[in-house]
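>>> coordinates for the following, if possible.
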Amino acid sequence: MLTLHAKRFPDLAPETVPTDGLEPREAALAHAIVDLSLRHWLTLETVLGMYTSQPVRNLEPRMRAALLMGAAQLLYMDRVPPHAAVTSAVEWVKHAIRPKAGGMVNAVLRRVSELIERDSEGRGVRRETWDLARDALPLGDARALALREAVLPSDELGRLEAGASVPRTLLQRWSSRLPTDEVRRLALQTLSSPPTVVCVAHAGEPLPTGLEAHESASHRVFTGSHAELRALLGSRDDLWVQDVSSSGAVENVRDLRPGVVLDMCAGLGTKTRQLRATFPEAEILATDADASKLPILAGVFAGDARVTVAPIERVRELALGRADLILLDVPCSNTGVLARRVEAAYRCGPSRIERLADQQRQIVADAIPLLASGGAILYATCSLEPEENEQIAAWAAQWHRFRIERARSAMPAGGGAEPPSAWRDGAYSVLLRWA
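Sure thing, here's the model as predicted:
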């Protein structure tokens with residue numbers, strides 16, 4: 001899996017880690033290694049680059065993948081013995097590349113292991129905070145792994161890029177409009193593993209066990225295993241996994257009384273379920289431009305007389321001139337949810353945001369003929385970028401006679417040393433009322 005990412009970097013896409021045939025603990029370890037490698041990619045390249053004769057990015061993909069995975073275990077997985085991490089990487093490259101490749105992997109990873117400052121029991125020493133020190137690596141719990149020598153760049157932005165594994169171009173974008181402390185906070189939050197947040201705003205009593213309080217009264221933090229979560233979601237249709245900021249878009253228009261609601265970018269149906277619960281009298285139409293998602297979406301609402309799932313062209317026919325409310329939860333850069341979409345930061349260059357904004361404008365324009373008289377578009381993203389948010393709303397007002405109402409912007413919160421109950425993703429939403 002990481003070899004595929006190494007071939008594509010920085011244009012990464014979400015991929016499922018293949019774990020067929022693995023025991024549950026082995027599968028969990030595989031997921032953890034891939035996640036840490038992706039989450040700390042730039043950091044790992046920086047550290048490994050000290051001990052390779054050429055930039056890590058120039059190495060063949062399998063070699064690069066082996067070094068990244070090995071270094072991720074050494075630097076971020078205290079429970080994996082260093083010798084085991086090194087040995088497994090060496091043996092893998094011997095078979096996957098060539099026998100002599102093991103020598104290079106062994107030499108580089110041993111140097112990485114020696115770089116870590118260790119206590120008397122051989123565990124990596126943690127500092128309580130990371131103050132942009134060059135001889136430490138920030139961790140997801142707000143602490144830092146101490147190193148025996150300085151490895152991070154000398155300039156402050158370079159240290160943040162390499163330490164938090166957020167590309168310089170994205171840091172510069174944030175720095176142009178946000179205070180320095182906020183840029184650092186956003187970057188470091190991407191290192192935290194976000195909790196599983198469940199929306200219980202429409203759930204009946206009693207609530208199931210395994211849910212802990214969240215700062216939002218309409219949400220809870222799920223604390224069980226993946227298997228337990230699947231069982232819970234399979235047994236209850238009145239709650240679903242959804243972050244506070246994500247649910248806020250529909251929550252912000254709950255006082256409306258639409259007769260026909262259209263979810264144009266329904267994905268796997270999370271917001272569709274929220275729309276159904278929020279507007280119990282409405283007819284709900286749901287579709288997605290990605291036809292591969294439609295069978296799953298249809299399965300979620302199988303037998304539901306109030307929700308119609310159909311291909312996008314059929315939904316256009318059904319909704320033409322009838323939709324009182326159209327939800328456009330559009331594809332975006334995901335910069336408000338980088339802790340959940342760790343691969344997104346690396347592909348988030350200026351040209352990609354420009355292409356996304358073009359796509360978002362087209363989606364808005366395509367939705368207009370479907371609106372009923374006096375209808376409205378609820379436009380939503382999980383982006384922090386003005387080009388995808390406020391500037392789209394301004395464009396719709398200027399060129400399509402929309403009134404901008406109920407604009408809502410939420411910055412990411414939580415992570416680090418804060419409790420799971422404080423977590424929020426970043427998001428934006430606005431109601432565009434057709435004048």
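
>>> hey, let's count contacts and neighbours off CA atoms from now on
OK.

>>> report the secondary structure state of Tyr428.
The local conformation at Tyr428, judged by DSSP: H, G, I helix; E, B strand; the rest coil, is strand.

>>> now the phi/psi pair for the closest residue to it other than its chain neighbours, please.
If you skip the residues right next to it in sequence, Tyr428 has Ser409 as its closest partner in space, 4.5 Å away by C-alpha to C-alpha, 6 or more residues apart in numbering. Dihedral angles phi and psi of Ser409 (degrees, to the nearest 10) take the values phi -130, psi 130.

>>> and the longest helix for the chain?
Across the chain, the helix with the greatest residue count (assigned by DSSP state H) is helix 350-367.

>>> can you list contacts of that one?
With C-alpha atoms under 8 Å, 6 or more residues apart in numbering as the test, helix 350-367 has contacts from 326, 328, 330-333, 387-388, 392, 396.

>>> what residues are up against the residue nearest to Tyr428?
Residues in contact with Ser409 (C-alpha under 8 Å, 6+ apart) are 426-429.

>>> how close does it sit to Ser383?
Computed as C-alpha to C-alpha, to the nearest Å, the Ser409 to Ser383 distance reads 9 Å.

>>> if we can go back for a sec, buried sites along the longest helix of the chain?
Neighbour-count burial for helix 350-367, with 16 or more other C-alpha atoms under 10 Å as criterion, is recorded at 353, 356-357, 359-361, 363-364, 367.

>>> test my guess that Thr308 contacts Arg276.
No: with contacts counted by C-alpha atoms under 8 Å, Thr308 stays clear of Arg276, the gap being 11.1 Å.

>>> show the pLDDT at Glu128.
Reading off the confidence values, Glu128 has pLDDT 97.

>>> and the strands in this structure?
Per DSSP state E, the chain carries strands over the ranges 126-127, 136-138, 144-146, 196-199, 211-213, 219-222, 240-241, 260-263, 283-286, 307-309, 323-329, 371-381, 402-410, 427-434.

>>> the second one: partners in the sheet, and parallel or antiparallel?
Right, the one you point to is strand 136-138. strand 144-146 (antiparallel) (DSSP bridges).

>>> what sits up against the partner strand?
Surrounding strand 144-146, the residues in contact under the criterion C-alpha under 8 Å, 6+ apart are 75, 116-117, 124-130, 135-139.

>>> ditto for stretch 329-345
12-14, 35, 38-39, 166-167, 170, 189-194, 264-266, 348, 352-353, 356, 360, 363, 378-385, 388, 411-412, 425-427.

>>> same question, stretch 268-285
Identification of contacts with stretch 268-285 by C-alpha under 8 Å, 6+ apart yields 202, 240-242, 247, 250-251, 254, 257-263, 266, 286, 293-294, 296-297, 300, 306-310, 315, 319.

>>> end to end on it, go ahead and measure it.
Taking C-alpha to C-alpha as the measure, stretch 268-285 stretches 14 Å from start to finish.

>>> list the buried residues for it?
Buried residues in stretch 268-285, defined by neighbour count with 16+ other C-alpha under 10 Å: 268-279, 282-285.

>>> determine which two of these are furthest apart.
Between all members of those, the longest pairwise span (C-alpha to C-alpha) is found for Leu268 and Ala282 and amounts to 19.8 Å.
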